[in-house]
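Chemist: When you get a sec, could you give me coordinates for this:
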Amino acid sequence: MHRPYLIYMRPYQSTLAALSKIPGVEILVLGITYDDSKSKTLVYSLMPQKKKHVEEFSKVLNKEDTGKVKILMKSRSSLTFVIEKDSCDFYEYTLGSGNFVIFPYLIKNGVRKFYLISEEDPKVITEKLAKRGDILGFQTSYIYEAINDSYRLILQADIFSKLTPLQREVISRAVIRGYFDWPRKFSLTDLAKELGVSKATLAEHIRRSEAKILSSLVGLEWKNTRYENTSS
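Modeler: Below you'll find the predicted structure:
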């Protein structure tokens with residue numbers, strides 16, 4: 001019987017894992033095509049804020065062993081691209097052995113988090129994956145958890161794509177520090193001092209970020225969309 005497993009894995013060799021170690025970068029693997037000779041990976045990545053990190057991102061992405069890279073869409077906040085390379089050992093197992101991988105999956109801080117649905121014994125799965133990376137976590141899961149997690153990743157990517165890198169940093173830091181908690185654990189003044197910006201500038205970034213997030217969640221971008229009644 002096919003069972004879903006939630007796996008945290010640090011690959012021994014992976015361009016995407018290397019990219020995800022750069023501050024501000026998170027990788028979503030949206031889909032993969034694989035055959036005996038080539039693999040093509042569709043990737044969505046958040047872009048870093050600082051110039052030196054952008055340069056590092058470009059350097060890693062354009063390394064010789066990365067493979068052929070095709071940019072599909074680029075913005076200040078994100079990059080969508082395809083990597084084509086010779087057959088990948090990780091994909092050869094996870095996709096070429098009757099298994100299923102739930103997409104999208106996340107790569108962050110050098111760690112790949114993914115759901116694998118397989119008929120194999122868990123011991124066999126971990127033994128095979130251990131040849132391809134360090135297994136940091138392995139647990140039995142449920143299909144609904146995999147679906148909900150994947151949906152959350154898509155929603156988060158949509159929201160983050162609307163924020164500038166600085167706005168992402170501001171919101172992330174505010175959440176971590178407890179600025180949005182009730183009662184509030186971290187003041188606007190303290191947060192501004194930590195981020196090195198004025199209190200007024202920080203307040204503006206938070207207001208703009210909140211507006212973008214709420215608009216995305218409730219679909220206010222539809223308000224300017226015109227629909228024609230095509231029913232007879």
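Chemist: Are we agreed that residue 115 is in a strand?
Modeler: Yes - under DSSP: H, G, I helix; E, B strand; the rest coil, residue 115 sits within a strand.
Chemist: Pull the contacting residues for it.
Modeler: Taking C-beta atoms under 8 Å, 6 or more residues apart in numbering as the contact definition, residue 115 lies against 4-7, 101-102, 105, 141, 145-146, 149-150. C-beta coordinates here come from the backbone N, C-alpha and C atoms, glycine included.
Chemist: Kindly recompute the last result at 6 Å.
Modeler: Applying C-beta atoms under 6 Å, 6 or more residues apart in numbering to residue 115 gives the contacts 4, 6, 102, 146.
Chemist: repeat for residue 95
Modeler: Residue 95 makes contact with residue 34, according to C-beta under 6 Å, 6+ apart.
Chemist: ok, and the closest non-adjacent residue to residue 213?
Modeler: In this structure, residue 213 finds its nearest non-sequential neighbour in residue 159, 5.5 Å apart by C-beta to C-beta, 6 or more residues apart in numbering.
Chemist: quick one: buried residues of the strand or helix carrying the one you found?
Modeler: Using DSSP states H and E, the element containing residue 159 is helix 143-161. Within helix 143-161, the residues scored as buried using 16 or more other C-beta atoms under 10 Å are 146, 149-150, 153, 157, 159-161.
Chemist: thought residue 116 was touching residue 5?
Modeler: Yes - using C-beta atoms under 6 Å, residue 116 is in contact with residue 5, at 5.2 Å.
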